[in-house]
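K.L.:
Model the structure of this input:
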Amino acid sequence: MKVFIAILALFFSGALYADSISVTVKTFAALARPFVSDAPAEIVALNLPQISAEINARVIKLNVLEGDRVQAGDVLVELDCQKAGLVHEISAAAVKRSKAQLDFAGSQLKRARDLKKNKSISEELLDQRSTELQVAKAELATQNATLKQAAIDKEHCLVRSPFSAVVTDRLVSEGDYVNAGVPVMALMQLENTEIQALLHQQQLDSIKQADKIWLVVNDRQYPLQLRAIQPVYLQSAETAQVSLTLLQPQEDIWPGSRSRIYWSTKQKQLSSEYFSLRNQQLGVFVVKNDRAGFYPVASAIEGRPAIVDLADDTPVIVEGRQRLQDGDAISVVETN
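P.N.:
Predicted coordinates:
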């Protein structure tokens with residue numbers, strides 16, 4: 001009887017082994033790599049002004065060519081200043097006239113007050129002289145404001161660069177007549193740039209947790225920091241725009257350069273070759289109580305590595321998982 005039971009036990013154990021699926025496993029620590037992701041990026045100049053004329057005048061001279069670098073205050077365009085100069089002279093003369101009228105009104109009021117002491121003039125005439133003084137003061141203030149405006153217009157005969165930049169386009173020619181508000185020169189500020197990239201939702205989630213972000217241009221790396229994520233999801237491309245800034249200004253990074261951004265986190269990722277698709281969900285198979293356990297990874301995208309949150313000593317099934325289903329009996333034939 002005992003012999004029969006032993007034979008029966010051997011039979012069932014053999015059947016059980018025959019029904020199990022042979023697999024090869026590796027620990028998660030052996031397979032995982034530090035999470036690093038990347039995306040194409042664009043270096044964008046934040047200031048691309050078109051400098052406009054601020055007076056109506058003829059263009060006398062263009063002092064720069066396309067591609068020239070200019071500094072703040074450099075004269076880009078010279079406009080005919082004859083009219084503005086005449087207006088300034090007229091305004092200056094008007095100020096002198098108003099000052100003279102103010103002085104006269106002041107002396108007239110002083111004389112009227114002296115006469116009033118002797119009761120030689122009426123109260124009405126004294127009030128008139130006082131009013132004339134106030135009118136003269138107001139007239140002088142008006143003429144001073146007009147003179148300041150004329151001085152500003154005269155200064156606008158020289159169109160200057162607002163900051164250090166490179167000339168990207170000359171929008172007028174010498175001899176053209178331009179009106180106030182007409183663009184005459186296009187500039188690009190090279191020092192004030194931003195890096196922009198379009199990222200998928202999974203990438204957005206990971207870059208928020210990044211402990212390091214860097215830009216690669218011409219095989220050189222530059223540290224970045226995340227400035228903003230636009231709260232607008234582009235449905236057509238399923239992406240959103242992120243904006244990043246350089247930790248230190250770099251003169252050799254030019255707008256329009258081909259570049260990529262990279263970022264890393266303390267999380268670990270698995271290569272796409274270890275993922276399996278079950279019930280329309282990507283995940284990895286692990287050994288759980290001598291059986292196959294399917295561990296779904298919500299952030300996984302087919303053909304791309306993905307972050308996986310497993311303990312380092314978790315045995316991950318590497319080979320033999322093609323036929324596996326969650327809960328299948330397995331036999332580990334090799335552990336690397």
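
K.L.:
Please make it C-alpha for all contacts and neighbour counts, starting now.
P.N.:
Fine.

K.L.:
so where do the strands sit in the stretch 101-250 of the chain?
P.N.:
158-160, 165-170, 177-178, 183-188, 193-199, 212-217, 220-229, 240-246 (DSSP state E, counting those that start in this stretch).

K.L.:
strand partners of the longest one, parallel vs antiparallel please.
P.N.:
Going back to what we said before, that points to strand 220-229. Using DSSP bridges, the neighbouring strands of strand 220-229 in the sheet come out as strand 212-217 (antiparallel), strand 240-246 (antiparallel).

K.L.:
returning to that earlier point: of all the strands of the stretch 101-250 of the chain, which one is nearest residue 58?
P.N.:
strand 177-178 (4.1 Å; Cα to Cα).

K.L.:
Now for residue 295, how many residues are close by?
P.N.:
19 (other Cα atoms under 10 Å).

K.L.:
so what's it scoring on pLDDT?
P.N.:
Per-residue pLDDT puts residue 295 at 94.

K.L.:
Show me what the helix or strand containing it is packed against.
P.N.:
Residue 295 belongs to strand 291-296 when assigned by DSSP states H and E. Judged by 3 or more Cα pairs under 8 Å, 6 or more residues apart in numbering; DSSP states H and E, strand 291-296 is in contact with strand 281-288.

K.L.:
centre of the chain versus the strand it packs on, how much separation?
P.N.:
40 Å (Cα atoms, centre = their mean, to the nearest Å).

K.L.:
now swap in stretch 270-278 and tell me
P.N.:
The answer for stretch 270-278 is 35 Å, by Cα atoms, centre = their mean.

K.L.:
so how far does that stretch reach from one end to the other?
P.N.:
17 Å (Cα to Cα, to the nearest Å).

K.L.:
before we move on, what about stretch 25-42?
P.N.:
Stretch 25-42 end-to-end distance (Cα to Cα) = 42 Å.

K.L.:
any chance you could map the helices in the stretch 51-200 of the chain?
P.N.:
With DSSP state H, counting those that start in this stretch as the criterion, the stretch 51-200 of the chain has helices at 82-117, 123-155.

K.L.:
need the ones you listed in JSON lines with mean neighbour count and mean pLDDT, can you?
P.N.:
Shown next, in JSON lines, are those (neighbours: other Cα atoms under 10 Å; pLDDT from 0 to 100):
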{"stretch": "helix 82-117", "mean neighbour count": "17", "mean pLDDT": "86"}
{"stretch": "helix 123-155", "mean neighbour count": "17", "mean pLDDT": "87"}
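
K.L.:
and residue 30, which of the ones you listed is closest to it?
P.N.:
Once the helices of the stretch 51-200 of the chain are compared by Cα to Cα, helix 123-155 is nearest, at 71.3 Å.

K.L.:
Packing partners of that closest one?
P.N.:
Using 3+ Cα pairs under 8 Å, 6+ apart, helix 123-155 sits against helix 82-117.

K.L.:
Against which helices or strands is the helix it packs on packed?
P.N.:
Taking 3+ Cα pairs under 8 Å, 6+ apart as the contact cut, helix 82-117 packs with helix 123-155.
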